[in-house]
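# Pasting the sequence and the predicted coordinates here, then a few questions.
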Amino acid sequence: MKTEIDKGDAIAGILFILAGLFFAYQSLGMELGTSLRMGPGYFPLVLAGVLILLGVTVMVKAVRNEAEPIGPLAIRGILLILPAPIFFGLTVRGLGFVVSLFLTALIAAFASRKMKPHYAVLLAVLVTIFSTLVFSYALGLPFQRFGPWLRF
Amino acid sequence: MDFLSNLALGFATATSFANLGFCLIGVILGTLVGVLPGIGATATIAMLLPITFQLEPVSSLIMLAGIYYGAQYGGSTTAILINMPGESSSAVTAIDGYQLARRGKAGTALAVAALGSFFAGSVSTFLVAIFAPPLTVVALKFGAAEYFSLMVLGLVSSVALAHGSILKALAMVVLGLLLGLVGTDIYSGTPRFIMGIREYADGLNFVAVAVGVFGIAEILRNLESEQTREVMKTNVRNLWPSREDFKRMVAPVLRGTALGSALGILPGGGAILASFASYTVEKRISKNPQEFGRGAIEGVAGPESANNAGAQTSFIPLLTLGIPANPVMALMVGAMIIQGIVPGPNVATEQPALFWGIIASMWIGNLMLIVLNLPLIGLWVKLLTVPYYVLFPIIMAFCSIGVYSVRSNVYDLYAVAAFGLLGYVMLKLRCEPAPLLLGFVLGPLLEENLRRAMILSRGDPATFATRPISAGLLLLSLVVLIVVFLPQVRKKRDEVFVEDN
Amino acid sequence: MTYLRLAGLSVGALCAASAAFAQGYPERQITMVVPFAAGGPTDTVARLVAEKMGTDLGTQIIIENLGGAGGTLGASQVAEAEADGYTVLLHHIGMATSETLYRNLAYDTLNAFEYVGLVTEVPMTVLARNDFEPADMAAFIEYVKANGDSLTLANAGIGAASHLCGMLLMQALEVPLVTVPYKGTGPAMTDLLGGQVDIMCDQTTNTTKQIQGATVKAYAVTTPERLELFPDLPTVAEAGIPAAEVSIWHGIYTPKGTPAEVNEALSASLQKALADPGIVKAFADLGTTPSPAEDATPAALKEKLETEIARWKPVIEAAGVYAD
């Protein structure tokens, strides 16, 4: 019987170990206390230890009879979807809700290969109009519609 | 008598013109968003949650509950029609529901799901109404030790909800627990794991984490296969199930309702576990187990009922103890706190109109759903023809607005991106996000109560065993642990046996 | 994107300069930052006052909840905001205590703000679980002194009103109690109701309903005079521990450099709002009273902040608890 390494499990194991190490290292920088009077570092250190152990076990079990493929990665999606909320966060105060949201929707729209530029603009405009009416006017959320960067 | 007058108060509150309206809006919004491919109840609520902030508490929570049920129904519809479950609970429905649809019985499957859910919802609403108050009395007996043991039980049950590797689910729970500890330690004031970013001093925003690991990760997953995905034109006429279909669905619906109601009360178990458990039970009981996976009506009726019953009864720990039984309930807790209501044992007595109003609106919401859903199935199918690439820029815009509006903290938006990436990576590595989110919610409670119990007992760990409720809960955790791991062990033995042959 | 940002920034700078001319203030809506979550006691105070002030000023005052890190996040946002009078801060006693509680504060409390005035001073009450033995405040003090470290004292987290009051109480009684922190008033109160902890000291905003419902035992109020609401409760001074006198005062601030006439205009509007019968009634429901007109002034708030920073510094340092 052929033995393979399941890449997914191996990577998951490594990530769990790394996360565990990060939390363990950070916890050691804090007061640990005793089990009777625990400090801020005690509980996370225990958990981090458990996470590392689990990570090692997941890795060990990655060696098995049949491996499952990881499949395709949505690279374009990662590059355009993830920056959308970040962009919104960076600009919502400066540019204001309306402009910031329009650009956020526009960025996200290009995550799909199927999206044509003029449709993307149209979609972003519609989303912006709808959201401004609903969230800003109807629901009265405390957003500045146009921010100080645009104020004349 | 008390029960009846309470219920009367509840119905009086829930049937006020405004609240009926909010319930209806919630149900419609929830269904509309929930029916969209790839968006489940959790993401829907995360997105629509902020909309409810401006309302008064009762209306807000009634609308949220409506959104929740609506999203559940909507999710099942998508799962059946195009095999695109919006969340893990409707994933079970998809197994046989989609097969029924392919055999031209989509209408039957949808109707069975809707009727089963309605029955389960009605029964469990009364369970909530009857058993929530007695639980409230017990709730005040809960001190730190009891809460700790309850959290342990919740965590142990949350492992059982995983359908993949239990090991990885455990690791995700622990990772979630650790992420939940990010922020200022309430005992010493020490900032933990915030990397010098003071904006995270009060912890990572739950909505940001939920939107990230569920919503964004789901979008990315859909984007990777956008060439292949297509909306199948499904014939959804022939709505009503035949007499024989009815006969076949009665027992599974009853069993599903019982199972779901019981599991829904358990924190960490909830609706998600309920549908899986029901599917397993139905498959084991059935005389024709080979039919499962090929379009068995029982495989839709059971899990759907269990799911809805669990959704209902998972309000019990929330309403009486203030403990979220699942990620959706955790969002409800957030909503309550934003409304200035600290969910806890006092809610039922301090806010009877709110408490009973929500319970009454559960049933009303379910009634509205069945009235809406059966005739509107045709419309849902039309909605599904909206191309995905049009949908997700809208989703991104809405979730950005939603997360930001929770506490006007732009770092929460950065957290959305970070957790979106984490969620997607974990999805690719076949690690489920639900255990992580449950860990995230339970983490701070677990530590807080552990340390508080130790302080209160002057450092005597025996407190967990000598307090009867705490001891009982820990014992129950042990039982759950055994039930969860026993089949695994048995499977191992079988494997060994096979290899020996 | 950078172009847009740069362009935006320079426009913003121009705006700030022109806004220094406070003629015709206010011309647009004012944002009142509340550095705590929506729905809490401070948020409620802010929403009540903002509505009335807005009506008086002829503009809308919208509340923005910028919670986090004990109110310091919201305060630092306002400290950095344009000093044009369109961003104001409503903060409570935490404005003074965070100067000591947070050792690496992002702003210099005394030099980052201008003052509008005091809004209200919320009284506090000394409570215990319902079956706590002592019958009155004298017996309470005696009992606490005798049983010291076997008693538990709940608070709602570092920097919370209940934490500050607890520290004062312990120092005034010269007894260290076992401190049990909670995340917020709700769970702390729940445990007090359930008898899991012994003592708590908290704002009337949180305790009035419980005291009236006799679910907890009230022993004293922390104000200089008895409260109309609880005429039977003695003050801490009457009980012989005047050092435990404390109130959760709330004030309105603007960023440093805000024109004096803007602050005066806001102060005048605040005084009018506080005299409004609707506000008096709403504040009474919360268990407090509006500050008198002479306290709702920039000078009074400035003085309050200075004396309170000086007062809390030694208390917090003696307790050795910091929130950073």
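Okay, I see it. Keep in mind it's a predicted model, so treat the numbers as computed, not measured.

# now the helices for chain A?
Per DSSP state H, chain A carries helices over the ranges A:7-28, A:42-60, A:75-81, A:83-91, A:97-109, A:117-131.

# Let me know the average pLDDT across the fourth one.
Meaning helix A:83-91. For helix A:83-91, mean pLDDT rounds to 93.

# try the first one
Per-residue pLDDT over helix A:7-28 has a mean of 92.

# Return the set of buried residues in that helix.
Neighbour-count burial for helix A:7-28 flags A:8-17, A:19-20, A:23-24, A:26-27 (criterion: 16 or more other Cβ atoms under 10 Å in any protein chain shown). Just so you know, the C-beta spots here come from the backbone N, C-alpha and C atoms, and that holds for glycine as well.

# same question, the last one
Of all the residues in helix A:117-131, those buried under the rule 16+ other Cβ under 10 Å are A:Ala120, A:Leu123, A:Ala124, A:Val127, A:Thr128, A:Ser131.

# Any chance of those in CSV with distance to A:Pro85 and pLDDT as columns?
Rendered in CSV, the data for those read as follows (distance: Cβ to Cβ, whole Å; pLDDT from 0 to 100):
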residue, distance to A:Pro85, pLDDT
A:Ala120, 18, 91
A:Leu123, 17, 91
A:Ala124, 15, 93
A:Val127, 14, 88
A:Thr128, 16, 92
A:Ser131, 14, 81
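
# Of those, which ones also sit close to chain B?
Residues of the buried residues of helix A:117-131 in contact with chain B (Cβ under 8 Å from any Cβ of the partner chain): A:Ala120, A:Leu123, A:Ala124, A:Val127, A:Thr128, A:Ser131.

# Closest one of those to C:Met53?
Relative to C:Met53, the closest of these is A:Ser131; by Cβ to Cβ it sits at 29.5 Å.

# Run a quick neighbour tally on B:Gly74.
30 (other Cβ atoms under 10 Å in any protein chain shown).

# Identify the residues contacting the most centrally placed residue in chain A.
Residue closest to the mean C-alpha point of chain A, counted by Cα atoms, centre = their mean, is A:Leu82 at 7.0 Å. Neighbouring residues of A:Leu82 by Cβ atoms under 8 Å, 6 or more residues apart in numbering or on different chains: B:Ile216, B:Ala417, B:Gly420, B:Leu421.

# ok, those vs chain C, which is closest?
B:Ala417 (16.5 Å; Cβ to the nearest Cβ).

# Please verify my assumption that the closest one contacts A:Ile86.
Yes. B:Ala417 lies in contact with A:Ile86 (Cβ atoms under 8 Å); the separation is 5.0 Å.

# Pull out the buried residues from the helix or strand encompassing C:Glu121.
Assigned by DSSP states H and E, C:Glu121 falls within strand C:113-129. Within strand C:113-129, the residues scored as buried using 16+ other Cβ under 10 Å are C:113-129.

# now do stretch B:17-33
Residues B:19, B:22-33 are the ones in stretch B:17-33 that count as buried (16+ other Cβ under 10 Å).

# Now that B:Pro303 has come up, it's in contact with B:Arg255, right?
No. The criterion here is Cβ under 8 Å, and B:Pro303 misses it with B:Arg255 at 10.6 Å.

# More neighbours: which of those two?
Set B:Pro303 next to B:Arg255 and count neighbours by other Cβ under 10 Å: B:Pro303 wins out with 36 against 20.

# in what helix or strand does that one lie?
Using DSSP H and E, B:Pro303 falls in helix B:298-313.

# Heading C-terminal from that helix, find the next helix or strand.
Proceeding N to C from helix B:298-313, the next assigned helix or strand is helix B:315-316, under DSSP H and E.

# packing partners for that next one?
Using 3 or more Cβ pairs under 8 Å, 6 or more residues apart in numbering or on different chains; DSSP states H and E, the elements in contact with helix B:315-316 are helix B:106-139, helix B:352-383.

# State the number of residues packed around residue 151.
As the question left the chain open, I've gone with chain A. When neighbours are counted by other Cβ under 10 Å, A:Arg151 comes out with 16.

# that's the wrong chain, I meant chain C
Using other Cβ under 10 Å, C:Leu151 has 18 other residues around it.

# Next: B:Ala201.
When neighbours are counted by other Cβ under 10 Å, B:Ala201 registers 21.

# picking up where we left off before, between B:Ala417 and A:Ile86, point out the one with more neighbours.
For B:Ala417 and A:Ile86, the more surrounded residue by other Cβ under 10 Å is B:Ala417, and the numbers stand at 23 against 19.

# Quickly note the distance from the more buried one to C:Lys145.
Plainly put, B:Ala417 is 55 Å away from C:Lys145 if you go by Cβ to Cβ, to the nearest Å.

# Repeat that for B:Lys141.
31 Å.

# Between these two, tell me which one has more neighbours.
Neighbours per residue, other Cβ under 10 Å: of B:Lys141 and C:Lys145, the larger number sits with B:Lys141, 14 against 11.

# these two touch, right, that one and B:Arg467?
No. Using Cβ under 8 Å, B:Lys141 is not in contact with B:Arg467; the gap is 9.1 Å.
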